[in-house]
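>>> Please find the sequence and the predicted model below.
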Amino acid sequence: MAWWRLQSHLPKVRLSDVSDTPASYARRALLRAAVFDTRDHELWAHRPAVAVTVATGVLAEVREHAIALDTSRGTELFTISPATKTWRGASTAPSALRSGDPVIIRHRTPDAITPACRIAERIWARIGRVTGTIIAADGREFLVDAHRRQGQRVVIAPTSWRQIQVRFPRLAPGYLLDVIGTRYGDHLLAVAPATAQPPYHADHTPRPPLVGGSVTMPLSGSAVWHEPDDEPPGLLGLGYPAIDPAEGVRPASRSIGCVRLPYLSFGSAVRIRNECADRAAVLPVTSDGALARQFCDRCVKCGTSPKGRLADLTMAAFVELGGNLEDGCFNATLTTMAS
Amino acid sequence: MNEVSVLTIAREVQIPLLAALLIGGCAAKAHRAIMTHRTSVRTGPTAMLPPRLRRPAALAVCATELALGVGLLVTAGGTGAGAPAFAVRIATGLLFCTAAGALHELRTRRPDAGCGCFGELSHTPVGRRAITRAALLCAAALSSIGLAPLRMPASAGQAWLTLGVIAAELAVLAALSPEVGQLMLQLGHTEPCELREVPVARTLSALHASAPWRRYRRFLVAAAPADIWREGCWRFVVFPGVLASRRVEVVFAVHLASRGPAVRVGMLDTGSCFADVGRGPDPLQLSKLV
């Protein structure tokens, strides 16, 4: 199709360098503590933090009661129990998993005596997500400008077409799309909408209310997730929708979003709380959450959140905080460490 | 003054008022287009059109407003009296009548959309006030048809009466205009420092003009900062330095207030870090584990 050529003409985006961020985040926290005499730096480890309950890697072997995962730390075994929930395009049995599938697992250790015995609670295989502005449309196939990843190809599964069309009635260029599905080499097979489509054009985000005085913390809204792209697969961090313009990132649009967030730089620390799972953590800003600014939707996983996306978490961070990837979001509150 | 004269005065003041509203409306829309670098609109009746027609329609509306506003002024006096004045005033009435109908339709189809009448100020969802205002302006335009060419007031008394009528009409228009409240809000609003865009150059200028800079610059070994980052109302600027033969980092925290920013200083030994001997990666510190 002629519109595939669009991919080569789209401008490249300058991406943040995350290769040395853990040490620089800790350093900045120490420097800030030197000025303000805070204890924030104690929240940071000098070494990169790793997830406690999340493992990411490629499926090496599927056995009857266990799976073997090739991770950055070598091959790791996870026990499958009757309570293990598996997702591979849809909720399915662990037997549907295939060697070579990229997976992300939430696990638990039943007791401290045998810490090596880990039980997989949830397994997501080949899960992916595309969020962005539709560039071209041809039947069930779409080309989406996903800001960090331009020219993302999305194919809507025939069985999911009706469900997605109900939530995204304007599947036309210039409108926003946010779908979850199965990731294949060159495209995402969309199986579920991640949210309801905004009624406005991608460039016409509703104006946020005027904010007087100072920004009151914590801020409430929703947290979503994004695929790693060129980030390390197990990275714990978030895309923040209000990166200081002086950082020089290319905005997805001129919109300032519908929730006013304080400007931060890459590496700044924020506390994110999952209101549904009652879990919170301090995470670094590792990327620009420009796309999150364009959505003024609510998350309804536990009650109805206020409008606006506060953070675009990495997959590992989203799962570590108790979110389920197929849900797409969780109700969240955000507090900046500068407040 | 008899009643007929008051009515005549009331009809006469419509022409300059309508001209000011039309030209002001076009100017506000143009200002918004220039500031946001786009002419496509998401407010006003044009928001109901397909996206590809919105920009041409918005341009056409603005051009029409400007043409009619100028036309009203040009035909107010002796120039253009007769048929041209009649045509301009009929067209103005038609424009406001169409606007009233379009706003009513917009209120039904897009209840969250503003009227877009005055650009950035018109984001309040269309209500009965905006529709009533458009209908009254239509009536005002039609009432000016058949007037003799306008003249300056013949006496001081007539001048005061004219001013009084103008003030009364402006008060009625203000009562029917949500833009007035929005304008008052914007005039009295100051953006919190966390939300302001502040160029790095301005921060560095403030830093170089501050007392802490003059006091600590002698410890610095480089003119250019090694690191700069922002957290809300503060921007941190780090320089390498030497203190008592020890290598240090001097960090200046500059508050991003609009005037007289505060500057705070800290120093950190470059060897300062967390103990890192014989330990692996730390787990992410969660407030509550499931």
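Noted; the coordinates are in hand. The structure displayed is predicted, hence computed values, not measured ones. Numbering: from 1, shown residues only, chains lettered A, B, ... in the order given.
>>> any idea how far B:Arg151 lies from B:Ala159?
Counting by CB to CB, to the nearest Å, the gap from B:Arg151 to B:Ala159 is 12 Å. For every residue, glycine as well, the C-beta is placed using N, CA and C.
>>> wait, A:Asn331
64 Å.
>>> What is the least confident helix or strand in the chain?
I'll assume chain A. In chain A, the helix or strand scored least confidently by mean pLDDT, DSSP states H and E is helix A:6-9, which has a mean of 36.
>>> sorry, should have said chain B
helix B:178-187 (a mean of 74).
>>> low pLDDT regions in the chain?
No chain specified, so I'll use chain A. Residue ranges of chain A with pLDDT under 70: A:1-23, A:37-50, A:111-116, A:204, A:206-207, A:209-212, A:249-256, A:338-339.
>>> Actually, chain B is the one I wanted.
Ranges of chain B meeting pLDDT under 70: B:1-4, B:35-43, B:51, B:112, B:119-121, B:123, B:258-261, B:271-290.
>>> any chance you could map the helices in it?
B:3-36, B:51-74, B:83-109, B:128-143, B:156-175, B:178-187, B:200-208, B:211-216 (DSSP state H).
>>> Buried residues in the helix or strand just after the least confident helix or strand of chain A, which are they?
Later in the chain than helix A:6-9, the nearest helix or strand by DSSP states H and E is helix A:21-36. Neighbour-count burial for helix A:21-36 flags A:21-22, A:24-35 (criterion: 16 or more other CB atoms under 10 Å in any protein chain shown).
>>> Who are the packing partners of helix A:21-36?
strand A:279-288, strand B:227-231, strand B:234-243, strand B:246-255, strand B:263-269 (3 or more CB pairs under 8 Å, 6 or more residues apart in numbering or on different chains; DSSP states H and E).
>>> What angle do strand B:227-231 and it make with each other?
Relative orientation of helix A:21-36 versus strand B:227-231 (axes from the mean of the first three to the mean of the last three CA atoms, to 10 degrees): 70 degrees.
>>> which of A:Asn331 and B:Ala159 has more neighbours?
Taking neighbours as other CB atoms under 10 Å in any protein chain shown, A:Asn331 and B:Ala159 compare with A:Asn331 leading, 22 against 12.
>>> thinking again about what came up before, tabulate the helices of chain B (CSV), appending distance to A:Ala311.
Shown next, in CSV, are the helices of chain B (distance: least, CB to CB, whole Å):
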stretch, distance to A:Ala311
helix B:3-36, 26
helix B:51-74, 30
helix B:83-109, 34
helix B:128-143, 38
helix B:156-175, 43
helix B:178-187, 29
helix B:200-208, 25
helix B:211-216, 34
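>>> For the stretch 101-250 of chain B, what lies in contact range of chain A?
Applying CB under 8 Å from any CB of the partner chain, one finds that the stretch 101-250 of chain B approaches chain A through B:112, B:123, B:185-186, B:189-200, B:227-234, B:236, B:238, B:249.
>>> In PyMOL, how would I select just the buried ones from these?
One line in PyMOL is enough to select the buried ones among those; burial here means 16+ other CB under 10 Å:
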select buried, chain B and resi 123+192+193+194+195+198+200+227+228+229+230+231+232+233+234+236+238+249
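>>> Show me how the chain divides into domains.
All of this refers to chain A. Domain assignment for chain A, taken from automatic domain parsing, gives A:54-125, A:127-193, A:219-336.
>>> nope, chain B please
According to automatic domain parsing, the ranges for chain B are B:3-187, B:195-269.
>>> And the last one, end to end?
So the one you mean is domain B:195-269. 32 Å (CA to CA, to the nearest Å).
>>> what about the nearest residue to B:Leu17 once chain neighbours are set aside, how many neighbours?
Once flanking residues are discounted, B:Leu17 sits nearest to B:Glu169: 6.3 Å by CB to CB, 6 or more residues apart in numbering or on different chains. B:Glu169 has 16 neighbours, counted by other CB under 10 Å.
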